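> Okay, here's the prediction I keep looking at, along with the sequence it came from:
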Amino acid sequence: MSHRQITIAIDAMGGEGSPLKCLKGAEIFSNNHQGVMLQFFGDQDLIKQTIKNHKLNITNYKIVKCFDNVTDDDNANTILRSRKNSSISRGLTFIKDNPNSGFISAGNTAALMILSRLILGMIEGVNRPAICSTIPNEKSYSLMMDLGANVHVSADNLLQFALMGNAFFSIIDPKRNPKIGLINIGTENNKGLEFLQDAHDLISSTFLKNNFIGFIEPNKITHGYCDIILSDGYTGNIILKTAEGLSDFITSNLKNVFTKSLANKIAYKMIEKDLIVFKNQIDPAEYNGATFLGVNGISVKSHGNANPYAFSCAINKCYDFVLNDLNKKIIENFKNYK
């Protein structure tokens, strides 16, 4: 049990249904972590009124008034020139100046990435940040990165992702010795683009070589053979969104099947417990909260349309990374590599 005072800075204005969605998510988190300080950034009057109107029971919080907000339509120039007093900018500046804190937003992903890199800076030895998150598989879950921060990557970038992913895994599942794989169109060493083959050779030459299983095809991701799955951001983002769409398709169609007739409803009752377990296993809400690995601070991105429960899951991830000194472990891995 840590005796540190941990603060989670929350962009209360980002994403659909905010600030209510963010505040309800914070309430869920707060009920289980009453010693954690929550600091909301955004429209102070609106946040106060929302808490009052919905009788939210959030313990131990503060509100920081911000006069601006990043929208989903803002481009890079607007973000950098005109959004210095936004909830994202102010929140990131807060965690830069305050140890034992992390930041979470459900807002504009590009803005959060740009401002995280600009305000927090990069961990020494990391050239590019990577967006990573957990995804379900047959055994439990895997960590996948990059999920959209970098359309193009080099072999060096993928090696850095492997080092950061290994540190990340030591926090979320310290008992597991994670297997690392590279997404490719085949498992043979001569398959795929040159940068993938170079990355294969680089990772194989480091202290991670005993954990590295080589190339993995996308259709094997859910089999649980691999714990840390590496790719460029373009490929990773397509895989993630395809998986989310497939999850929605499966759950909605199962509902239609089991409500078609009385016999189907009876069949549902007979296997209801198993279906609930399956639904929870593939529910994107359980895995909400993508982390920007490589920036010099804890910056977490919630899905923009996450519900309050999903947002609370993302806050919990942010808290765990601060509590367990994620970036310290990343720095240690880079020292071991050098």
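Now that the structure is in, tell me what you want to look at.

> Let me know the helix or strand that Asn190 is in.
Under DSSP states H and E, no helix or strand contains Asn190.

> since we're on it, how many residues are nearby?
Here the count is done by other C-beta atoms under 10 Å, and Asn190 has 6 residues near it. Any C-beta I mention is one placed from the backbone N, CA and C, and that applies to glycine too.

> so what pLDDT did it get?
In this model, Asn190 is scored at 83, pLDDT.

> Over to it: give its phi and psi.
Dihedral pair for Asn190: phi -90, psi 10, per degrees, to the nearest 10.

> For it, give its distance to Thr109.
35 Å (C-beta to C-beta, to the nearest Å).

> Ok, Glu194 next?
29 Å.

> okay, those two: which has more neighbours?
Between Glu194 and Thr109, counting by other C-beta under 10 Å, Thr109 is the more crowded of the two (21 against 8).

> Correct me if wrong: that one contacts Gly148.
Yes. Thr109 is in contact with Gly148 according to C-beta atoms under 8 Å; the separation is 7.0 Å.

> list residues touching both of those two?
Here Thr109 and Gly148 have Ile131 as joint contacts, going by C-beta atoms under 8 Å, 6 or more residues apart in numbering.

> How are the strands of the stretch 51-200 of the chain distributed by residue range?
61-65, 101-105, 130-136, 141-145, 180-183 (DSSP state E, counting those that start in this stretch).

> Just name the most buried of those.
strand 101-105 (a mean of 28; mean count of other C-beta atoms under 10 Å).

> Can I get that strand in CSV? Just the C-alpha atoms.
Output of strand 101-105 as CSV, limited to C-alpha atoms (Å, rounded to 0.1, in the frame of the first residue of the first chain):
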residue,chain,number,x,y,z
SER,A,101,0.0,12.5,-10.8
GLY,A,102,-1.5,11.4,-14.1
PHE,A,103,-3.8,12.8,-16.8
ILE,A,104,-6.8,11.4,-18.6
SER,A,105,-8.9,12.8,-21.4
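
> can I see the domain layout of the chain?
Listed domain ranges for the chain are 1-125+294-325, 127-290 (source: automatic domain parsing).

> For the most centrally placed residue in the chain, list each beta-bridge partner.
In the chain, the residue lying closest to the centroid (C-alpha atoms, centre = their mean) is Ala290, at 1.1 Å. Counting by DSSP bridges, Ala290 is bridged to Lys301.

> That one contacts Ala306, doesn't it?
No. Contact between Ala290 and Ala306 fails when scored by C-beta under 8 Å: they sit 11.0 Å apart.

> What's the separation between the spatially closest residue to Leu143 that is not a sequence neighbour and Gly186?
The shortest distance from Leu143 to any non-neighbouring residue, by C-beta to C-beta, 6 or more residues apart in numbering, is to Ile228 (5.0 Å). Noted for Ile228: a distance of 19 Å to Gly186, by C-beta to C-beta.

> and what of Asp156?
23 Å.

> mind putting the domains of the chain in CSV, distance to Asn336 included?
Rendered in CSV, the data for those read as follows (distance: least, C-beta to C-beta, whole Å):
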stretch, distance to Asn336
domain 1-125+294-325, 11
domain 127-290, 6
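
> Return the most buried member of the ones you listed.
Most buried among the domains of the chain, counting by mean count of other C-beta under 10 Å: domain 1-125+294-325, with a mean of 20.

> contacting residues for Cys22?
Taking C-beta under 8 Å, 6+ apart, we find Cys22 in contact with Ile10, Asp11, Ala12, Met13, Gly14, Gly15, Phe40, Ala106, Phe311.

> So it, which state does it fall into?
With DSSP: H, G, I helix; E, B strand; the rest coil as the basis, Cys22 sits in helix.

> Pull out the CA atoms of stretch 135-150 and give them to me as PDB.
C-alpha atoms of stretch 135-150 as PDB (Å, rounded to 0.1, in the frame of the first residue of the first chain):
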ATOM      1  CA  ILE A 135      -7.200  -6.400 -26.000                       C
ATOM      2  CA  PRO A 136      -8.900  -9.700 -25.100                       C
ATOM      3  CA  ASN A 137      -7.800 -13.100 -26.200                       C
ATOM      4  CA  GLU A 138      -8.700 -16.700 -25.500                       C
ATOM      5  CA  LYS A 139      -6.500 -17.000 -22.400                       C
ATOM      6  CA  SER A 140      -6.800 -13.400 -21.000                       C
ATOM      7  CA  TYR A 141      -5.500 -10.400 -22.800                       C
ATOM      8  CA  SER A 142      -2.700  -9.000 -24.800                       C
ATOM      9  CA  LEU A 143      -1.000  -5.600 -25.000                       C
ATOM     10  CA  MET A 144      -1.000  -4.000 -28.500                       C
ATOM     11  CA  MET A 145       1.000  -1.100 -29.700                       C
ATOM     12  CA  ASP A 146       1.100   1.200 -31.600                       C
ATOM     13  CA  LEU A 147      -2.600   1.900 -32.100                       C
ATOM     14  CA  GLY A 148      -2.400   5.200 -34.100                       C
ATOM     15  CA  ALA A 149       0.300   7.500 -33.000                       C
ATOM     16  CA  ASN A 150       2.700   6.800 -35.800                       C
END
